[in-house]
Structure formats: C-alpha cells, structure tokens
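K.L.:
I need the structure of the sequence given here:
(one chain, ligands or ions: 1)
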Amino acid sequence: MLQAQPQASHYIDGAYVDDPAGAVIEVVHPGDGSVIAKLHEATPALIDRALDAATRAQAEWAALKPVERGRILRRAADLIRERNRDLSVLESLDTGKPLQETLVADAASGADALEYFGGLAPTVTGESIPLGTDFAYTIREPLGVCAGLGAWNYPIQIACWKAAPALAFGNAMVFKPSETTPLSALKLAEILTEAGLPAGLFNVLQGRGAVGAALAGDARVAKVSLTGSVPTGRKVYAKAAEGIRHVTMELGGKSPLIVFDDASIEDAIGGAMLGNFYSSGQICSNGTRVFVQRGIRDRFLDRLKERTEAITMGDPMDEATQMGPLVSAAQMEKVMGYIEQGRAEGARLVTGGARLNGPGCFVQPTVFADVADDMVIAREEIFGPVMAVLDFDTEEEVIARANATEFGLAAGVFTADMTRAHRVVAGLQAGTCWINSYNLTPVEMPFGGVKQSGVGRENGRAAVEYYTQVKTVHVGMGPVDAPY
Ligand code: NDP
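P.N.:
Purely as a prediction, here's the structure:
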C-alpha cells in the first residue's frame, strides 16, 4: 500500500477519474526516496472531458449571485483549516518541506485566499459613466474557463491562489499541478465539492508539460495562469498568444536583498535566512543576492555562519526539523552543480556546500561570500539553499547592481533610515518589495513580477483585473444623430 495514494489520478466534473492508458507518474517522498503514490498522466480524452465539464459548468456559475459563490469558497476555507494537519502531512510527504513549515504556511495560505476572494466577490462591480444626456456603464464579467499550471514548491497554495479568484469572479478552472507534487490539488478539489461547489468548476488533471501545453493552447480556454520558470513561461505565453488568451505569469527571480550598515544585523540576517533557506530555498521571490554594506560585512558573515550552522536539518515529518530535503533528486543535482560552479568561479564558501549522506535529497544550507556580479551563482536562479553575499559601498551603486538582471520579481531593503528605505525601493525594478522584512506574502497584498519575472498580479484587489473583463454599455437617451 502506497502511503499517499489518492482514490484516482484526476478530478473531473465533481468526481475522481482515472485512465490507466496515461503514462505512469511515480510520486516520491524526497525525505527518503520512497514512492508514495502512482498516478497516470491525463490522456487527450480526459483533457477533453475536463474542458467540456468546465465550459458547461461555468455559464451557470457565472449567473449565480456573487455572494453565493463567495459563501461556498469561505466554507472551503473553513474545511481546509479544520483539516490543516492532514493537508500539511500530505504536503510534507509530497514536497519534503518540513512539517514545521507546512503546518503554518501552505494550506493555511490557501484558506486565506479562499476566504479573501470569497469575501471580495460581491464587491466587484462596474461603474456608471455620465455622458450628458446619454450615459454608459460597465460590467465586470468572468473570462470563462481558466487553465492553472502550478510549480512544485507550494502546491496547494498555488492551486488556491489561482482557483480562489477565478471561481470567486465566476470562472471555471482546469488545474494541472506539477508532476513532481500532484497530490494536494486533488484534496482541494474534494474540499471544494464538499463545500458545495457545483461539479465541473474545479478540475484537476495530472501530467507533464505536454498536458499543460494542451490546456494552454485549447480554444475552450480563455486564460492561462502559470507559476513556473522563465523558460516555461516563454513557451506557455507563446501558446496562449496563439488564441489571444489572457495570461498571468508568475515566474522566477534572482532578487536582491540590500543590507545597509545602520540596519539591525539580527533582523537582516533573519530576513536573509528566511529569504534563502525557508522551503530549502525553493521560493521564487528569494533574496538570493544579499548585498551587504562593506562596513558590517564581517560581522554579518560571522553571525550568519553561526545561525546557519544551528539550523536543524532532517526528517521533514519531525516537527522539530527546520529544514528538509530538496523536492527531488534532479533538483538536488542541479543545486549541487551550482555550488560546484560557485567554488570554481572563486566565491568563498562560508558554510555548507555539501549534500548529506544517506537517503533523501538533502543539501546543507550554503553561504558564499566575495561573490561578484558576473558569477553564475549571482545571475541564475538556483532554487535551492544557496545564499550569495556581495559587498557594496554606496546607495547609488547598489541600486544599479541590484537592477542589473533580467529578473524583477522581488527585492528587500534593511535599514533604520526610512527615508532611504523608500528612496531605494522607488529605484528598484521589482514587482514586490519588502522594507525590514522579507518574503511575507499575505493574500491582501498583490504579488507578481516585472521584467522577465512575469506578467500580472496574484492576490489583493489587483487580482480582479486578471480574472475578469470589462464590458462597456453605452445607453442612448435621445434621438440618433445620423448624417445620412
Ligand atoms: P516549471 O516551469 O518547470 O513548471 C511549471 C509548470 O508548468 C509545471 O506544472 C510544469 O509541468 C508545467 N509545464 C512545463 N512545461 C510546459 C509547457 N511547455 N507547457 C505548459 N506547461 C508546462 O517550474 P517548476 O515546477 O520547476 O518550478 C520552479 C520554478 O517556478 C522556479 O523557476 C520558480 O522561480 C518558479 N516559481 C515562481 C513563483 C512566482 O510566483 N513567481 C512561485 C513559485 C515558483 P511539470 O512540472 O509536470 O513538467
């Protein structure tokens, strides 16, 4: 008996469905390498069924009063909170993230999104535009069927961040989780059904990139929302463009975290560690280029080394564990490759740098100092627990260096000088910035990137723009003035 085997691979039209004709996906627990579930990829017939069910269900759903749609989502939020422990255990088995994290960060954030957008649904209205005698008004309409494509680092959170606004505003969704972490989206589908969501509105299809590509290119799909890497984003965006579909692209980053010499060193180190080691560093918005002002560099590194070496690594299912493995053997190899490259390019290894012996995909939390801007470890997204510390002297210099990247997802500033903090943030090319904090993403706050890090925003009121469209209605109140 596999430890986390679901009833079936897919969830379509309100029920679990399988088709053994689809290629097998083995789900591995990265803590010990054991296979915890076996699923099948969605076949073209199942993709078709899911899209048909979504298309059919969406029209009726859009006609419901928003407050009724919202009530169902808020009920789902309550169910998620009631089952937080079970969902967290499943997420930790699937991703390898420590239970200590998943108990507070994953399903909980998904529940927040369902509650927030459930409450927001009835507030989304059009506007009335006076035109003298005539007038116009606008209606915010749903887009239709939305395809959601998820990355493997925050599986249930990503599913909720996409499904909640889509459903709240009257859309349907077909969601494809990452093949690496396919399990919790099925639980979300079950919970939504239990909360009263009509069949067909939230469907889950398993599969690799080809299933995602089929969804992104299907004529029944009005919008594609991807959380993934920049290379995948390019492909999905191009596919969506063939049908002039709406997109939200939440992509990768190489974000700067700037520490000025007047900052609280303990807080700045805490921020840098959260922004590099939480979820074993597998977070898109991580501040992986830590710029430290030269005067405090040595003190910063000494204390950072001390605190990093005190991190408890181990079995993610043990609540005392602070850091678990990477999501997969492939990701571990990739991260180890970057660590080798960092050494070869002449960066100074302050701590870490090795994988742990034994089963599981564990890489030590790693800090490199004396990193130069042109080193590969300072330019490419590693998506693992590898922090690069760079020195700087002046504010102007650090803003220019922070911006010298094709990415623009996030940025952070630690300083006691608030005037400087706001001035620096104004100069940073990033979609989300933190001042004296890092990586907090409450649902009330819009989240997303600029430059190659993405298009569109998730969460906050901003998400309304990305899951609705405006219909304008002009109303003539007098005779028609035609010159013919
Ligand atoms: P990928 O880009 O590899 O995959 C993202 C999703 O797209 C997966 O479900 C994947 O399927 C699917 N996919 C892959 N190829 C295609 C294709 N041609 N057409 C349609 N869908 C496709 O990302 P990872 O899962 O490796 O996640 C890590 C990346 O996600 C990092 O770069 C990270 O920065 C980014 N990320 C961004 C976030 C943000 O909000 N900005 C948040 C979290 C992560 P499969 O996995 O089954 O191949």
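
K.L.:
now the closest residue to the ligand within the stretch 201-350 of the chain, what's its secondary structure?
P.N.:
Residue nearest to the ligand within the stretch 201-350 of the chain (Cβ to the nearest ligand atom): residue 212, separated by 2.3 Å. Heads up, the C-betas are built off the backbone N, CA and C, glycines and all. The three-state label given to residue 212 by DSSP: H, G, I helix; E, B strand; the rest coil is helix.

K.L.:
spatially nearest residue to it, not counting backbone neighbours?
P.N.:
Using Cβ to Cβ, 6 or more residues apart in numbering and skipping the chain neighbours, the partner closest in space to residue 212 is residue 149 (4.6 Å).

K.L.:
burial check on that neighbour, number of neighbours?
P.N.:
For residue 149, the count of nearby residues is 26 (other Cβ atoms under 10 Å).

K.L.:
do I have it right that it meets residue 227?
P.N.:
Yes: at 7.1 Å, residue 149 counts as touching residue 227 under the criterion of Cβ atoms under 8 Å.

K.L.:
wait, residue 404 touches residue 374, no?
P.N.:
No: if you go by Cβ under 8 Å, residue 404 and residue 374 don't touch, sitting 9.6 Å apart.

K.L.:
so who does residue 434 touch?
P.N.:
For residue 434, the contact set (Cβ atoms under 8 Å, 6 or more residues apart in numbering) comprises 271, 410-413, 440.

K.L.:
thinking again about what came up before, neighbour count for residue 404 and residue 374, which is higher?
P.N.:
Ranked by neighbour count (other Cβ under 10 Å), residue 404 and residue 374 place residue 404 first, with 13 against 9.

K.L.:
wait, what's in contact with the residue lying closest to the more buried one once chain neighbours are set aside?
P.N.:
With Cβ to Cβ, 6+ apart as the criterion, residue 404 has its nearest non-adjacent residue at 6.6 Å, and that residue is residue 373. Counting by Cβ under 8 Å, 6+ apart, residue 373 touches 379, 390, 401, 404.

K.L.:
residue 373 looks like it's in a strand, true?
P.N.:
No: judged by three-state DSSP, residue 373 forms no part of a strand; its state is coil.

K.L.:
please renumber the chain so that the first residue is 48 from this point on.
P.N.:
Done: numbering now begins at 48, and the last item shifts to residue 420.

K.L.:
gap between it and residue 369?
P.N.:
31 Å (Cβ to Cβ, to the nearest Å).

K.L.:
please apply the same query to residue 181.
P.N.:
64 Å.

K.L.:
the two: who's more crowded?
P.N.:
residue 369 (16 against 12).

K.L.:
pLDDT score for the more buried one?
P.N.:
On pLDDT, residue 369 comes in at 98.

K.L.:
list the contacts of it.
P.N.:
Residue 369 is in contact with 145, 147, 358-360, counting by Cβ under 8 Å, 6+ apart.

K.L.:
of those residues - the most surrounded one?
P.N.:
With neighbours taken as other Cβ under 10 Å, the top of the contacts of residue 369 is residue 145, carrying 28 neighbours.

K.L.:
in the stretch 48-197 of the chain, what residue comes closest to the ligand?
P.N.:
Nearest residue of the stretch 48-197 of the chain to the ligand, counting by Cβ to the nearest ligand atom: residue 196, 4.3 Å away.

K.L.:
give me the phi and psi for that residue.
P.N.:
Torsion angles at residue 196 (phi, psi; degrees, to the nearest 10) stand at phi -120, psi 120.

K.L.:
can you pull the contacts of it?
P.N.:
Each residue near residue 196 by Cβ under 8 Å, 6+ apart is listed here: 222-223, 259, 262-263, 271-275, 283.

K.L.:
can you flag the buried ones in these?
P.N.:
For those, a burial check counting by 16 or more other Cβ atoms under 10 Å picks out 222-223, 259, 262-263, 271-275, 283.

K.L.:
turn those into TSV, including distance to residue 401, secondary structure and pLDDT.
P.N.:
Compiled in TSV, the buried ones among the contacts of residue 196 are given as follows (distance: Cβ to Cβ, whole Å; DSSP: H, G, I helix; E, B strand; the rest coil; pLDDT from 0 to 100):
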residue	distance to residue 401	secondary structure	pLDDT
222	37	strand	98
223	35	strand	98
259	35	helix	98
262	40	helix	98
263	39	helix	98
271	40	strand	98
272	38	strand	98
273	34	strand	98
274	30	strand	98
275	29	coil	97
283	36	helix	98
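
K.L.:
quick check: of these, which lies closest to residue 92?
P.N.:
For the buried ones among the contacts of residue 196, the residue nearest residue 92 by Cβ to Cβ is residue 262; the value is 14.3 Å.

K.L.:
that closest one and residue 254, how far apart?
P.N.:
Distance, residue 262 to residue 254, using Cβ to Cβ: 9 Å.

K.L.:
give me the nearest residue to residue 49, chain neighbours excluded.
P.N.:
Spatial nearest neighbour of residue 49, chain neighbours left out: residue 84 (5.2 Å); criterion: Cβ to Cβ, 6+ apart.
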